[in-house]
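Enquirer: Would you be able to build a 3D model of this:
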Amino acid sequence: MLLRLSHASDGSNETIITTTMGTTTTTTIISMPVFRPGCHEWTTAPEAASGNCSRLTPNGLLKCYGGMNNLAALASSGKLNRQQPALEMLLCGWPMDVFNPLRELQKLPRLRSLTIEYSGFTEFKFDFPEMSHLQTINISWTNLSYISSRTFKRVHPLRVLDLRWNQLIQLDGPLILPHSFEQLYLAGNPWNCTRNFKWLLLQPEKGRLVVDRDELICTDRKYKERQMLLVMHYKLELKKQCQSHEDLMNCTCLMHHILPKTHVPLYTVNCSHLQFHRLPAFLPENTTTLAINDNMISDINPLRDNPHYRHVVDIQLENNRVSNIDDLEDTYWLQNFRLLNLRGNNLRKLHVYALDNALEDNENANLLLLSRNPWHCTCKFGSRLRELLTKYKDIVRDAWNVSCTYLLEDDQLLAKVLTLSRQEMCNVSIESGTHIHPIDWLNGVLASLILLILGKLAYDYYHYKYYGRVPWIVLKMP
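Expert: Here you go, the predicted structure:
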């Protein structure tokens with residue numbers, strides 16, 4: 001058996017294995033990894049001090065450190081001619097804030113591979129020019145933060161584009177790349193997933209080109225450390241659910257959070273200013289926030305009966321027509337809500353004891369807004385409402401703005417609940433307020449009798465301890 005190894009003559013990273021056994025010859029072509037020079041410790045290179053390029057290597061590799069100041073001199077000296085063209089370029093530590101490929105690459109028309117690493121530039125001044133041989137571009141470990149979708153459009157032979165470990169935050173859209181393009185690498189960038197990356201899933205032919213799409217991680221505050229594909233999947237599912245139900249077609253549906261451990265998405269639905277007469281009959285699964293301000297809603301029974309509201313903990317119902325919330329008494333929703341905004345509705349009264357019990361048992365309650373309602377303070381309700389507002393000031397944060405109407409003699413007045421006294425709400429004059437109620441007289445008599453009995457007990461104990469005398473009533477007992 002004869003085994004022979006050889007490299008492809010076209011300079012590609014392929015190895016030809018020829019096996020001869022007897023009269024049979026088998027040829028196998030396999031891809032072998034090609035060693036790509038990097039910029040590790042590039043500052044130690046002699047050319048780094050002056051920002052120059054080193055001489056061309058026999059295999060056509062041009063190395064530049066800290067700039068390309070002598071590139072014109074190398075070209076004029078004939079060291080970058082047709083007999084020995086630069087086929088690969090390694091550029092380390094580009095010193096400027098921008099990189100102009102239109103100017104810097106014009107002296108390298110035969111370039112097949114371009115690598116730029118450890119550089120401080122943030123953007124390209126112009127798009128890449130037409131390069132008839134450039135197949136591989138690797139730009140890594142730079143401050144590159146923006147590229148246009150058209151940046152590489154004119155590089156028609158381009159097959160591999162590596163943009164890992166830069167400072168890219170977003171893409172305007174999928175990059176415009178040639179039909180023969182094969183691999184795009186984007187991992188290691190601080191991607192902002194609040195921007196539109198849905199094309200990764202909506203345009204499969206574009207998404208499949210991103211070889212490391214499963215490794216793209218969000219770094220924005222909202223979706224920090226979540227996989228980009230997972231975030232985009234949830235966004236598309238939410239959009240699909242909202243558009244599939246007629247109640248939500250004009251509403252805005254957003255994903256505001258993804259739980260860290262379970263990766264469950266949490267949704268917000270905003271149906272404000274849409275002339276709703278009732279709460280939506282359907283909400284996407286995992287909806288936790290519903291904003292439906294400035295509508296004409298009067299019935300909030302879906303909070304009690306509709307299972308779609310089971311996980312809704314924040315509801316904005318400002319400027320509607322709600323006049324009664326007593327139906328929520330002893331419901332799961334009232335005992336677990338986090339935010340309820342009822343400002344600007346038609347509430348006149350409510351069951352104070354029921355709301356008090358719910359807030360007492362609800363550890364999640366964070367905000368309840370009740371101002372700008374036409375509350376009517378009778379003697380009994382006004383006193384209880386004032387006690388409730390005083391007790392839960394940390395939750396009812398607009399307590400000092402809650403006003404109510406009350407009757408004083410024959411006049412109907414409007415005042416803030418927390419400033420009203422019992423005499424004002426109960427329509428009792430100051431003079432009549434000084435009269436002692438019969439029950440108060442009875443309480444005074446009972447208190448006096450208790451004090452008299454305690455005094456007699458102390459008197460008898462003292463004489464028994466020091467004189468041995470017992471109360472006369474004990475002597476009369478058989």
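Enquirer: From now on I want contacts and neighbour counts done on CA atoms only, so please keep to that.
Expert: Noted.
Enquirer: quick one: the helices in the protein?
Expert: Counting by DSSP state H, residue ranges of the helices within the chain are 71-76, 101-104, 199-202, 204-207, 228-244, 302-305, 352-361, 379-391, 422-425, 438-467, 472-476.
Enquirer: can I get those helices in a markdown table with mean neighbour count and distance to Cys92?
Expert: As requested, the helices of the chain are arranged in a markdown table below (neighbours: other C-alpha atoms under 10 Å; distance: least, C-alpha to C-alpha, whole Å):
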| stretch | mean neighbour count | distance to Cys92 |
| --- | --- | --- |
| helix 71-76 | 14 | 14 |
| helix 101-104 | 13 | 14 |
| helix 199-202 | 16 | 31 |
| helix 204-207 | 14 | 30 |
| helix 228-244 | 17 | 30 |
| helix 302-305 | 17 | 62 |
| helix 352-361 | 16 | 64 |
| helix 379-391 | 18 | 67 |
| helix 422-425 | 18 | 81 |
| helix 438-467 | 11 | 93 |
| helix 472-476 | 8 | 111 |
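Enquirer: Of all those helices, which one is nearest Leu175?
Expert: With C-alpha to C-alpha, the closest approach to Leu175 among those belongs to helix 204-207: 8.5 Å.
Enquirer: what about the strands in the stretch 301-450 of the chain?
Expert: 314-316, 339-341, 367-369, 375-376, 403-408, 411-416 (DSSP state E, counting those that start in this stretch).
Enquirer: Residues touching the shortest one, excluding its own?
Expert: Applying C-alpha atoms under 8 Å, 6 or more residues apart in numbering, the external contacts of strand 375-376 come out as Leu347, Arg348, Lys349, Gly382, Ser403, Cys404, Thr405, Tyr406.
Enquirer: May I have the residues that are in contact with Ala291?
Expert: By C-alpha under 8 Å, 6+ apart, the contact set of Ala291 is Thr268, Val269, Asn270, Cys271, Ser272, Ile315, Gln316, Leu317.
Enquirer: Tell me if I'm right that the second one and Cys253 touch.
Expert: Yes - judged on C-alpha atoms under 8 Å, Val269 makes contact with Cys253 at a distance of 4.6 Å.
Enquirer: thinking again about what came up before, how about the helices of the chain in TSV, adding distance to Met89?
Expert: Formatted as TSV, the entries for those read as follows, by distance: least, C-alpha to C-alpha, whole Å:
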stretch	distance to Met89
helix 71-76	12
helix 101-104	12
helix 199-202	31
helix 204-207	28
helix 228-244	32
helix 302-305	66
helix 352-361	69
helix 379-391	73
helix 422-425	87
helix 438-467	100
helix 472-476	118
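Enquirer: Mean pLDDT lowest where, among the ones you listed?
Expert: Taking each of the helices of the chain in turn, the lowest mean pLDDT turns up on helix 472-476, with a mean of 72.
Enquirer: in stretch 184-204, what's buried?
Expert: For stretch 184-204, the buried set under the neighbour-count rule, 16 or more other C-alpha atoms under 10 Å, comprises 184-194, 197-198, 200.
Enquirer: ignore the last one, stretch 218-226
Expert: Cys218, Thr219, Asp220, Tyr223, Lys224, Arg226.
Enquirer: Pull the distance from that stretch to the chain's centre.
Expert: Stretch 218-226 has its average C-alpha position 7 Å from the chain's average C-alpha position, going by C-alpha atoms, centre = their mean, to the nearest Å.
Enquirer: what does stretch 240-257 give?
Expert: Average the C-alpha atoms of stretch 240-257, do the same for its chain, and the two points are 18 Å apart (C-alpha atoms, centre = their mean).
Enquirer: cool, stretch 343-354 as well?
Expert: Average the C-alpha atoms of stretch 343-354, do the same for its chain, and the two points are 34 Å apart (C-alpha atoms, centre = their mean).
Enquirer: then it to CSV, C-alphas only?
Expert: Once side chains and other backbone atoms are set aside, the C-alpha atoms of stretch 343-354 remain, and they are given as CSV (Å, rounded to 0.1, in the frame of the first residue of the first chain):
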residue,chain,number,x,y,z
ARG,A,343,-57.8,57.4,39.2
GLY,A,344,-60.3,59.4,37.2
ASN,A,345,-63.2,57.0,37.4
ASN,A,346,-66.8,57.2,38.9
LEU,A,347,-66.2,55.6,42.3
ARG,A,348,-68.4,57.0,45.1
LYS,A,349,-68.2,54.2,47.7
LEU,A,350,-66.6,50.8,48.2
HIS,A,351,-66.5,48.1,50.9
VAL,A,352,-63.7,49.5,53.0
TYR,A,353,-63.4,46.4,55.1
ALA,A,354,-63.0,44.2,52.1
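Enquirer: Okay, and which of the buried residues of stretch 184-204 map to strands?
Expert: Secondary-structure check on those using DSSP state E: residues within strands are Leu184, Tyr185.
Enquirer: Closest one to Leu238 out of the buried residues of stretch 184-204, please.
Expert: Of those, the one sitting nearest to Leu238 (C-alpha to C-alpha) turns out to be Lys198, at 12.3 Å.
Enquirer: ok, now how distant is the residue nearest the centre of the chain from Thr194?
Expert: Centroid-nearest residue in the chain: Lys222, 2.2 Å away (criterion: C-alpha atoms, centre = their mean). With distances defined as C-alpha to C-alpha, to the nearest Å, the gap from Lys222 to Thr194 amounts to 8 Å.
Enquirer: residue contacts, the nearest residue to Gln412 once chain neighbours are set aside?
Expert: When the adjacent residues along the chain are set aside, Gln412 lies closest to Tyr406, with 5.6 Å between them (C-alpha to C-alpha, 6 or more residues apart in numbering). Shown in contact with Tyr406 (C-alpha under 8 Å, 6+ apart): His376, Cys377, Thr378, Gln412, Leu413, Leu414, Glu424, Met425.
Enquirer: That'll do, ta.
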